[in-house]
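> Coordinates for the following, if possible.
(chains A and B)
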Amino acid sequence: MNLTSIDWAIMFVYFVFVLGIGFVLKRKVKTSTDFFLAGRAIPAWVCGLAFISANLGAQEVIGMAASGAKYGIATSHFYWVGAIPAMVFVGIFMMPFYYGSRARSVPEYLRLRFDEKTRGLNAISFAVMTVFSSGISMYAMARLIQILHILDVPFRRMNIPQQWIFHFSIGFSALIVLGYILFGGLTSAIYNEVLQFFLIVAGFLPLVWLGLRNVGGWHGLVEKLPSSYSHSWVGMGSPQTNPLGVEWFGLVMGLGFVLSFGYWCTDFLVVQRAMAADSMSAARRTPLIAAIPKMLFPFLVILPGLIAVGLSTDLVSTPSTSTTVSGTASSQHKAYGKGLIPAKIDEATGQPLLDANGKAVLDYDLAIPNMLLHYFPTGILGLGLTALLASFMSGMAGNVTAFNTVWTYDIYQSYIRPKASDEHYLWMGRVATVFGIALSIIAAYAATRFNNIMDMLQLVFAFVNAPLFATFLLGMFWKRATGHGAFVGLISGTTAAAVHHGLTLPAGAAPGIKGAWLGHILHAYPSEMAQNFWTAIWAWTTCFLVTILVSLLTRARDEKELVGLVYSMTERPNEEHLPWYKRPAALGVAVIVLTLMLNLIFW
Amino acid sequence: MGLDIRLPIGGLFTIIGILLVGYGLMADKAIYQKSLGINVNLWWGLVMLAFGLIMIAFGQRADRRLKR
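A predicted model of the protein is given here:
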């Protein structure tokens, strides 16, 4: 790829601003609350944009375009069935307890509501998860910089061996993220997330516009694609008749209910953004405000994937093709690709990878990068790449800020050094930022060596996360739920997930990391997605039932202790003085109606 | 909050906008074959510049109101 000085200039300006924000905010950070909770002084719309931005890491951007290319508009289920209802629920029903209890983190809420062991379990698994996620983000970014040959020319000019590009990318991103979090803490991270939100929109909107113009608008695109690509619900009656390989019940329950509610309602990474809001009503509006751009994001991140597949070969072979990446870039392999999506190349043989049916395996993750390279001339290309880099970094920063808070409040202050001064915890937060990033770097290098270990860890995280929402749901809405119940419920939910995964297998997969590792196949799913969704459903149901059962067998907590923590024991927040558009309930209804309409339009 | 978020956003967009507009006016038009013959640098630069200036205006207004 040939970048010119204008592209570098744009990237440079971005980095100056990122570090500048951290530097300016440094003066404001005086207490640990400033550092970990942004002083609880951020307006709702800023928290809202940070709320989706924290999740809009590059894996999301690249991954959603990849699924768009693979499955079509059905990918929007992750937004219109998954994220949005969960975001409305957390804003209207759960935020009063997170914000109102003055808990400083999600694990801390679990301690207030249940007990120490439930918090410990959640805090430790969450801390490990964030470090690995940020490491994987770092690894993915360094890989992308290598694959796109972004730094090849400058490195050659400076006579540095090309292998160093990977190390440089890791080190550089770590330093930038370290710099701005160390100075400004959560405020800095939130500000940069908002900045990144606008950058992503600014970088991708012209891409979608050019792409659509090229294929002849939405109708032109639909004509170029298989009919299943332009419908999200048609064919969902049976797993055999839709590209996802899932039936509607598994989709709605598994993805829509268990997985999405589990993520958006309990993951401290996103909830932390709402906890930083300046008032209860701002905290409740945070996810609702976030839901509005979120529901439009499919057009920004999924559509490029569709366009990338839809571009027929004659449209692709304009003079610009030579710049896109097709694995090792040799043109005879082009024939295996589809539109702008190249085939995966076997690194050992240099030949395209073929699946069992002799068809080429496509590298869908290159949909977004190739779209950028295909449509953007130098200049705006710098902007597109900056947007991509920004999303990698804020993905990392989101994890690091969540990690340093959980580490300091829920692990260090609880088990290692309670009752120290606030200054000490502020200091610890900064130290935790440094070693959190150091651990991420180690995780990133581990990912280069042991690909299987990473897959396995992600699987374990999925098992740990799947039952979480049952615990929170019962904790917030059933005052009889007890600490023992929650703890045993979580453990059995995770176990149920592991056992279900160990006894089932998606079609066409070999036993092992994909399932059936217990040596027995009870059920074969039509797709990996179906297996994931049903694993989550089993985990959730087990956790839900076991928590109820054990709670009924153990001693209930005194009701007075549950004020502010459980729905029936807490006063409803008073919203009468607010204009209607600031009332969470009204906003929530508006968001749901709009989402329903989107589902119907793309039926 | 000390620093109104709209100021850095506005600042970044204004500078990138100016860079893109300037480049769009000067650069060889042949590079726009990729972008369907449209000078995206110029047009998108103008959009970003306008957005940046609006953000700065809002940010400053809020700042002034805070000081009063």
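> Quick check: which helices or strands does the lengthiest helix in chain B pack against?
Among the elements of chain B assigned as helix by DSSP state H, the one spanning the most residues is helix B:40-67. Judged by 3 or more C-beta pairs under 8 Å, 6 or more residues apart in numbering or on different chains; DSSP states H and E, helix B:40-67 is in contact with helix A:164-215, helix A:380-405, helix B:6-26. Backbone N, C-alpha and C define where each C-beta goes, glycine included.
> The second one vs helix B:40-67, what angle?
Taking axes from the mean of the first three to the mean of the last three C-alpha atoms, to 10 degrees, helix A:380-405 and helix B:40-67 form an angle of 40 degrees between their directions.
> In space, not sequence, find me the middle residue of chain B.
Residue closest to the mean C-alpha point of chain B, counted by C-alpha atoms, centre = their mean, is B:Leu49 at 2.7 Å.
> Quick check: that one touching B:Val21?
Yes: at 6.2 Å, B:Leu49 and B:Val21 qualify as touching, with contact defined as C-beta atoms under 8 Å.
> burial measure for residue 43, as a count.
All of this is about chain A. Summarising burial for A:Pro43: neighbours were counted as other C-beta atoms under 10 Å in any protein chain shown, giving 17.
> that's the wrong chain, I meant chain B
By the other C-beta under 10 Å criterion, the neighbourhood of B:Trp43 contains 16 residues.
> and the longest helix of chain B, how far out from the chain's middle?
Shown here is helix B:40-67, whose average C-alpha point lies 7 Å from the average C-alpha point of the whole chain (C-alpha atoms, centre = their mean, to the nearest Å).
> Name the residues of that helix that come out as buried.
For helix B:40-67, the neighbour count (16 or more other C-beta atoms under 10 Å in any protein chain shown) marks B:40-45, B:47-49, B:51-52, B:55-56, B:59, B:62 as buried.
> now do stretch A:22-36
Under 16+ other C-beta under 10 Å, the buried positions of stretch A:22-36 are A:Gly22, A:Val24, A:Leu25, A:Lys28, A:Val29, A:Ser32, A:Thr33, A:Asp34, A:Phe35, A:Phe36.
> In contact with A:Val464: list those residues for me.
Residues near A:Val464 by C-beta atoms under 8 Å, 6 or more residues apart in numbering or on different chains: A:Ser125, A:Met129, A:Thr494.
> of these, closest to chain B?
Taking C-beta to the nearest C-beta as the measure, A:Met129 is the one of those closest to chain B, at 28.6 Å.
> in terms of contact, does that closest one touch A:Phe461 like I think?
Yes: taking C-beta under 8 Å as the definition, A:Met129 is a contact partner of A:Phe461 at 5.1 Å.
> Show me which of these two is the more surrounded one.
For A:Met129 versus A:Phe461, the count of surrounding residues by other C-beta under 10 Å is larger for A:Met129: 22 against 16.
> Check the secondary structure at the more buried one for me.
Reducing the assignment to helix, strand or coil with DSSP: H, G, I helix; E, B strand; the rest coil, the entry for A:Met129 is helix.
> same thing with A:Val301?
Applying three-state DSSP to A:Val301 yields a three-state assignment of helix.
> quick one: what helix or strand has the residue nearest to it when sequence neighbours are not counted in it?
Counting by C-beta to C-beta, 6 or more residues apart in numbering or on different chains, the nearest residue to A:Val301 once its immediate chain neighbours are dropped is A:Met64, at 4.3 Å. Secondary-structure element containing A:Met64, defined by DSSP states H and E: helix A:58-71.
> Next secondary structure after that helix?
The C-terminal neighbour of helix A:58-71 among helices and strands, as given by DSSP H and E, is helix A:77.
> Off-centre distance for that next one?
Using C-alpha atoms, centre = their mean, we find the averaged C-alpha position of helix A:77 to lie 15 Å away from the chain's own average C-alpha position.
> Now do the helix or strand following it: which elements does it pack against?
Moving toward the C-terminus from helix A:77, the next helix or strand (DSSP H and E) is helix A:84-89. Under the contact criterion of 3+ C-beta pairs under 8 Å, 6+ apart, helix A:84-89 touches helix A:260-266, helix A:280-297, helix A:584-601.
> chain center to stretch A:29-45: distance?
That offset, for stretch A:29-45, works out to 23 Å (C-alpha atoms, centre = their mean).
> CA atoms of that stretch as PDB?
Backbone C-alpha positions of stretch A:29-45 (Å, rounded to 0.1, in the frame of the first residue of the first chain) are rendered in PDB as follows:
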ATOM      1  CA  VAL A  29      -7.700  13.800  38.400                       C
ATOM      2  CA  LYS A  30      -7.300  14.300  42.100                       C
ATOM      3  CA  THR A  31      -9.100  11.400  43.800                       C
ATOM      4  CA  SER A  32      -9.700   7.700  43.000                       C
ATOM      5  CA  THR A  33     -13.300   8.600  42.000                       C
ATOM      6  CA  ASP A  34     -12.000  11.000  39.400                       C
ATOM      7  CA  PHE A  35      -9.700   8.300  38.000                       C
ATOM      8  CA  PHE A  36     -12.000   5.300  38.100                       C
ATOM      9  CA  LEU A  37     -15.400   6.800  37.700                       C
ATOM     10  CA  ALA A  38     -14.600  10.100  35.900                       C
ATOM     11  CA  GLY A  39     -15.800  11.900  39.100                       C
ATOM     12  CA  ARG A  40     -19.300  10.800  38.200                       C
ATOM     13  CA  ALA A  41     -19.600  14.100  36.300                       C
ATOM     14  CA  ILE A  42     -20.100  13.200  32.600                       C
ATOM     15  CA  PRO A  43     -23.200  14.300  30.700                       C
ATOM     16  CA  ALA A  44     -25.600  11.600  29.400                       C
ATOM     17  CA  TRP A  45     -24.900  12.000  25.700                       C
END
